[in-house]
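Undergrad: here are the coordinates; sequence isn't available:
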DNA sequence: CATGAATCTGTTCTCGCTAACAGGTTTCCG
DNA sequence: CGGAAACCTGTTAGCGAGAACAGATTCATG
């Protein structure tokens, strides 16, 4: 049973101070690990803290220090694997540094929703802002806010005015396409995500550049919207039938694509190889198990937090750091039959 | 460009008050919509607020009112569709009521992690606590904390001492099994989730009771761990081959199950019907498109928030409210061939 | 044993806001 | 036109911490 000194209320440092026979500042110093405290005094204070189950008020602390120890995260489409995993990773990295996280989810990402989200987070009181997976159309907004608030954008392209971090989408895309080329494919199509997304654009460019550098002809290009539904429509439409392999910009579109192909009698990978991007937990149970590119979100979370803390501490040089992705080979890719 | 009155700092109500030629309390009253303010004064204050881009400090407000306008959510396994969707729905419902949300994710749910999570959330300063999808082993902990903090547990079983809300898992399970019975199946197996989860247990019981009430023999029972992997292993093992239909406790296990069946030459739905639970966004693109039970998380979020606000306002009667699920029929189920 | 330096500890003020009370205006009505 | 009841506004005192300064110990050293 927690023991409060005044009727029923949670104890404050003043209550602890009275119980330990010291001033409230001594309690504060003990709490903050100040060096110049006599060992016996510290022990007495700690005992009082323990006895009355004191916990410090992060609210009062925030008011006094003007540091909330909270990071705001604006996350677009958190139902999707990538953004959600990134958010979880940031949360867990933040917790390890005694920071907490407030997330604001947007799905319909118009400028108004974004600035409302930023305003909401700022109003809550945050020390830094992290924006996950934005579309390029929104860059302006972040710039405007970054002057007041340390901001990190999770994307794989550098930006002169912003701190950025991400998984190297471009490299991952080249790895995927290189894998297909290595298996002997020469007609390699791409199903891209919406090209106003940084990630979609980087994966598209990686596909294009890897083909070009291998001396292969331009492949067929189609655009989806990240959903399995859009992949399905493209697969069912038949526009990609000339290609022997397809690099889909994410696993969900790859899933839909395979669905569409199979429905029209094209076998995967016998007639057409499909490679995805993300390595969803279920990707190994797709039919056939999906070859894909894995992103290390845990590493990304730690990286993001390191950069955010540096930004909070006033490091103003715009950084840009990348995590290397990893190719996961399963059964949805093989050599071409013709 | 935001206009601060003192050097570079964010303006406070005192700055606004000076600009408007009133006392800081008048500003506070305008901000809080206090009725007895002369219209001309209110206008002057609002104009000053607008001009200097004042925003109130939620920190100071929280300290003065001892209300943080923040709800803590302890969410288990947020990588999974259900818990994640529930969390998003609560966030969005909370925002609509001017509350913000702090989430604490647990995956390895031992007692220690849970109480650490609760302690973390409480330390952040929250007005109420919401626990999503717990396992029954953890009930004790919530009871202990509910005395100090208004608490709502998201689960479908009532509890004498706690506020609870959820989607009616039991009813959903009976709907799923009734659908299979309606198609003529008599040997209906169940792949359950871990039975220390409330939802897994309710779905299991719904399956059992529906069979019994239809006068059918007991079906085969197998236990998975929510993952597609576990479903795959059960499908590939062959233990369920005597059954003509399987009710899987979630879509992911259904996916793995189908994978396992197909690998051993059993066709779905020709040889065996499979029905899932959740209606993942991609479930309609599984091969074959999955028949399943949909949960309305948006409604659940609104419900949860309504109950939480009631609890904050001191409503102490333990409530228990349920949302009705919905059957989604696709192509993974059909009548038995034999 | 004096005396300055190094350690420890306490007082007061501040962070930005609301609660509670008090004082000053109107307004209304006899 | 006087007085009470509305209405509007201001003053002061917290909320629970930390910052800054100042004072009180201890300690070492000549």
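TA: Happy to help now that I have it. All values derive from a computational prediction rather than experimental measurement.

Undergrad: Counting by contacts, list what the helix or strand containing residue A:258 packs against.
TA: If you go by DSSP states H and E, residue A:258 is part of helix A:251-263. Applying 3 or more Cβ pairs under 8 Å, 6 or more residues apart in numbering or on different chains; DSSP states H and E, we find helix A:251-263 packed against strand A:188-192, helix A:228-237, strand A:245-248, strand A:273-275. Backbone N, C-alpha and C define where each C-beta goes, glycine included.

Undergrad: any idea of the pLDDT on the residue of the stretch 151-300 of chain A found nearest DNA strand D?
TA: Going by Cβ to the nearest atom of the strand, DNA strand D is nearest to residue A:151 of the stretch 151-300 of chain A, at 24.2 Å. What the model reports as pLDDT for residue A:151 is 91.

Undergrad: backbone phi and psi for it, please?
TA: phi -130, psi 140 (degrees, to the nearest 10).

Undergrad: For it, which non-adjacent residue is closest in space?
TA: In this structure, residue A:151 finds its nearest non-sequential neighbour in residue A:129, 4.6 Å apart by Cβ to Cβ, 6 or more residues apart in numbering or on different chains.

Undergrad: show me what contacts the one you found?
TA: A:71-74, A:118, A:121-122, A:145-146, A:149-152 (Cβ atoms under 8 Å, 6 or more residues apart in numbering or on different chains).

Undergrad: so what pLDDT did it get?
TA: Residue-level pLDDT assigned to residue A:129 equals 94.

Undergrad: and it, that one's in a helix?
TA: No: secondary structure of residue A:129 (DSSP: H, G, I helix; E, B strand; the rest coil): strand, not part of a helix.

Undergrad: which regions of chain A sit below the pLDDT cut-off?
TA: Low-confidence segments of chain A (pLDDT under 70): A:1-8, A:108-109, A:133-134, A:136-147, A:338.

Undergrad: Is there any residue in stretch A:189-197 that contacts chain B?
TA: No: Stretch A:189-197 stays clear of chain B (Cβ under 8 Å from any Cβ of the partner chain), getting no nearer than 14.0 Å.

Undergrad: And for that stretch, what's in contact with it?
TA: The set of residues external to stretch A:189-197 that reach it, using Cβ under 8 Å, 6+ apart, is A:133-137, A:199-201, A:203-204, A:207-208, A:219-226, A:231, A:234, A:240, A:243, A:245-250, A:253-254, A:257.

Undergrad: Give me the most central residue, chain A.
TA: The residue lying closest to the centre of chain A (Cα atoms, centre = their mean) is residue A:86, at 2.7 Å.

Undergrad: Report the contact partners of it.
TA: By Cβ under 8 Å, 6+ apart, the neighbours of residue A:86 are A:75, A:132-133, A:154, A:297, A:300-301, A:304.

Undergrad: These in strands, which ones?
TA: A:75, A:132, A:154 (DSSP state E).

Undergrad: Among those, which one lies nearest to residue B:185?
TA: residue A:75 (42.6 Å; Cβ to Cβ).

Undergrad: Could you report the neighbour count for the closest residue to residue A:223 other than its chain neighbours?
TA: Spatial nearest neighbour of residue A:223, chain neighbours left out: residue A:192 (5.1 Å); criterion: Cβ to Cβ, 6+ apart. If you count neighbours by other Cβ atoms under 10 Å in any protein chain shown, residue A:192 ends up with 25.

Undergrad: separation between residue A:192 and chain B?
TA: Distance, residue A:192 to chain B, by Cβ to the nearest Cβ, to the nearest Å: 19 Å.

Undergrad: any idea how far the host helix or strand of residue A:116 is from the chain center?
TA: Per DSSP H and E, residue A:116 falls inside helix A:111-124. Centroid separation for helix A:111-124 versus its chain: 18 Å, with Cα atoms, centre = their mean, to the nearest Å.

Undergrad: again, but for stretch A:215-235
TA: 24 Å.

Undergrad: next one: stretch A:262-274
TA: With Cα atoms, centre = their mean, you get 32 Å for stretch A:262-274.

Undergrad: Just the buried ones from the contacts of stretch A:189-197?
TA: Taking 16 or more other Cβ atoms under 10 Å in any protein chain shown as the criterion, what is buried in the contacts of stretch A:189-197 is A:133-135, A:199-201, A:203-204, A:207-208, A:219, A:222, A:224, A:226, A:231, A:234, A:240, A:243, A:245-250, A:253-254, A:257.

Undergrad: possible to save the contacts of residue A:86 as TSV with distance to residue A:91?
TA: Compiled in TSV, the contacts of residue A:86 are given as follows (distance: Cβ to Cβ, whole Å):
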residue	distance to residue A:91
A:75	11
A:132	12
A:133	16
A:154	13
A:297	11
A:300	12
A:301	8
A:304	11
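
Undergrad: nearest to residue B:94, of these?
TA: Of the contacts of residue A:86, the one sitting nearest to residue B:94 (Cβ to Cβ) turns out to be residue A:75, at 15.7 Å.

Undergrad: All good on my end, thank you.
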